[in-house]
Structure formats: C-alpha cells, structure tokens
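Participant: missing the sequence, but the structure's below:
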C-alpha cells in the first residue's frame, strides 16, 4: 500500500525529456551497457530516480522496465523516493556507538523531526544511519553530502545543520 502512494507522488514530478535525451543519447549513446551510469546521472539531476524518467529510459534504450527497476533497487545508492538536498549519514557502528553516536542520532531526529530513512518535508535533509563510514578513530561521525564531521557531540548537531541552509 505504501508503495502505491509513493508511486503516485513520484509521477507528479516534472521530468525534462529533452534533458533526458541529452543524457541518454549524447552522453551514453543509447548503449544498454551504460545503464548504471545513466541511472547515476539521472539520480544526480533529480536527487532520486523518478518513475517517469525510468519509463522513458526503458523505451529509449530498449531495456524492460523490470530490469531497470531491478538494477535501481539492487544498489543501495539509488533511491526511488525523493531525497533531501543534503544527505546525512550518521555512523552507528561499534566505534561511533560507544562514543555517543546514538545520542547524536537522537538529536538529529529531534531537530529534523524525522527518523532513519526519512526526508524532511522541505526536502532539505534525508537521514540515513550507516554501520561504518570508515573513520572509526573520529567517532562519532556525521557525514553530510561529502563533508565529514568527526568527534561530534549532540550539542554540536544544530550548529552543523545550520551550515546547510
């Protein structure tokens, strides 16, 4: 039931088909072998993979929608739901957890009024918990887009979020 509601929301987005043509034809030459790279480019443009764009892609390169959907759902970097302009990854792995990662996560949820995997109403932030970011000595670690914020305390969270207006 949730998926049906999500699909209705996704279909209302304005997709620029001329821009999709440029991506599919000019950048990747209608080559089916470039499916993942095409999906990455579409996601960079829209911050997720809109259903109308996927349907158009399927028609343009002659790949069944089921195959495109399979690729889009297999890789965790792809999203079929709208995401925030800023992606927050909070590390809740062992090293970050013992150094207060859970408290930082609670503060994020409180300030943003969302939980793990959700996006703020204004589409400013998406919150995702991860098991390891790869810099355990800096825990707890918060990654916003490509910016790393290490040794962060729950008291510093608001100040960090304010940098991403």
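Facilitator: Structure's in. What do you need? This is a predicted model, so every value here is computed, not measured.
Participant: Next secondary structure after the helix or strand of the chain with the lowest mean pLDDT?
Facilitator: Least confident helix or strand, the chain: helix 2-10 with a mean of 41, by mean pLDDT, DSSP states H and E. The helix or strand immediately downstream of helix 2-10 is helix 17-21, counting by DSSP states H and E.
Participant: Check which element follows that next one along the chain.
Facilitator: From helix 17-21, the next helix or strand downstream (DSSP H and E) is helix 35-46.
Participant: which stretches of this protein form strands?
Facilitator: For the chain, the strands defined by DSSP state E cover 86-91, 125-130, 142-144, 147-149.
Participant: any residues touching the first one, and which ones?
Facilitator: By that I understand strand 86-91. Residues outside strand 86-91 that contact it (CB atoms under 8 Å, 6 or more residues apart in numbering): 101, 104-105, 108, 124-133, 139-145, 164. (Each C-beta comes from the backbone N, C-alpha and C, glycine too.)
Participant: what angle do it and strand 125-130 make?
Facilitator: 20 degrees (axes from the mean of the first three to the mean of the last three CA atoms, to 10 degrees).
Participant: Direction included, what does strand 86-91 pair up with?
Facilitator: Neighbouring strands of strand 86-91 in its sheet, by DSSP bridges, are strand 125-130 (parallel), strand 142-144 (antiparallel).
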